[in-house]
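J.: Build me a model from this:
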Amino acid sequence: MFSFFQKKTPLTDLFSADFVDIHSHFLPNIDDGSKSMDESVAMLRRMHGYGIKRIICTPHVMESVWENSSETIQRQLDALNAHLKSIAFTDITISAAAEYMLDANFEHLLKTEKLRPLKDNYILVELSFLNAPINLYETLFNIQIAGYKPVLAHPERYSYFHNDFKEYAKLKAAGCLFQINLLSLSNYYGSSVAEVSFQLLKQQLIDFAGTDTHKHHHLDFLEKVVDAKVLKLIEPVLKANDFFRE
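T.: Sure, this is the predicted structure:
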């Protein structure tokens, strides 16, 4: 158990010029993230203020909720970049992948569509917060057979794994990489998620990090101070994100 009474520092102090945020929702009017071009710009200016100049937007792809396609994502990416250019906000690089829910429609997409990767063949995937898919390991196998590498978004937030920690090791053994939400370290999602985050970092199960920013209040929490032990563990993970530089 880690203590919240040790020396603390804001996470935003740790970002280097090479850091790439690989999980965010800054594309406007495409999912539950930014709702306007102005909101996107305002949040991106805050990110830039932290020293983050490379961002991969990852809109949700979720059956019957956010049925985005590569085309709809590209359209909003082009619109955002055009707007940033028009206001001379060009000292930032914005690209787009997707965050794929492993739902009933995902297998169809995997077979019929070219998915949008974070880089090369790395795709960001997520699970329902209610329960894991019955065919989870079969799906992870199929993802890899199709030539992709699954990066599981915010594994620390799936509460059904909290009391069965060996499932995390099983997921890793099945070829799944882990992306932690930095907000989880600031207690944004609650103490249990913060504790699981610490344990995953301590056991070196986390591969990459992302902010998963949707709204301004997410950035407010990103600026909050974090336990020194956690900061020491997250630093090499932040460095690992350099892999996603163009």
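J.: so where is this structure shaky, pLDDT-wise?
T.: 1-7 (pLDDT under 70).
J.: Any idea which residue is closest to the centre of it?
T.: His23 (3.0 Å; C-alpha atoms, centre = their mean).
J.: mind checking the SS state of Glu235?
T.: Put simply, Glu235 is helix when judged by DSSP: H, G, I helix; E, B strand; the rest coil.
J.: isn't there a helix covering Gln144?
T.: Yes - counting by three-state DSSP, Gln144 falls inside a helix.
J.: one step back: shouldn't the residue nearest to the centre of the chain be in contact with Ser184?
T.: No - between His23 and Ser184 there is no contact under C-beta atoms under 8 Å: 11.7 Å. C-betas here are computed from N, CA, C, even on glycine.
J.: And the strands in this protein?
T.: 8-10, 20-21, 54-57, 60-61, 93-96, 99-101, 122-126, 149-153, 177-181, 208-210, 225-227 (DSSP state E).
J.: Which neighbouring elements make contact with the first one?
T.: If I follow you right, that is strand 8-10. strand 225-227, helix 228-240 (3 or more C-beta pairs under 8 Å, 6 or more residues apart in numbering; DSSP states H and E).
J.: Run through who's touching it.
T.: Identification of contacts with strand 8-10 by C-beta atoms under 8 Å, 6 or more residues apart in numbering yields Leu222, Glu223, Lys224, Val225, Val226, Asp227, Ala228, Leu231.
J.: partners of it, with directions?
T.: Sheet pairing of strand 8-10 (DSSP bridges) gives strand 225-227 (antiparallel).
J.: Run the chain-centre distance for the partner strand.
T.: 20 Å (C-alpha atoms, centre = their mean, to the nearest Å).
J.: buried residues in that strand?
T.: Val226, Asp227 (16 or more other C-beta atoms under 10 Å).
J.: for the closest residue to Lys53 other than its chain neighbours, phi and psi?
T.: Closest residue to Lys53 apart from its sequence neighbours, by C-beta to C-beta, 6 or more residues apart in numbering: Ile92 at 5.1 Å. With angles defined as degrees, to the nearest 10, Ile92 sits at phi -160, psi 140.
J.: Can you give me the neighbour number for Ile92?
T.: Ile92 has 15 neighbouring residues, counting by other C-beta atoms under 10 Å.
J.: That one contacts Leu80, correct?
T.: No - if you go by C-beta under 8 Å, Ile92 and Leu80 don't touch, sitting 10.6 Å apart.
J.: most tightly surrounded among the helices and strands packed on strand 8-10?
T.: strand 225-227 (a mean of 19; mean count of other C-beta atoms under 10 Å).
J.: show me what contacts the residue nearest to the centre of the chain?
T.: His23 neighbours (C-beta under 8 Å, 6+ apart): Ile56, Thr58, Glu99, Leu124, Ala153, Gln179, Asn181, Gly210, Thr211, Asp212.
J.: That's all I had, so thanks and see you.
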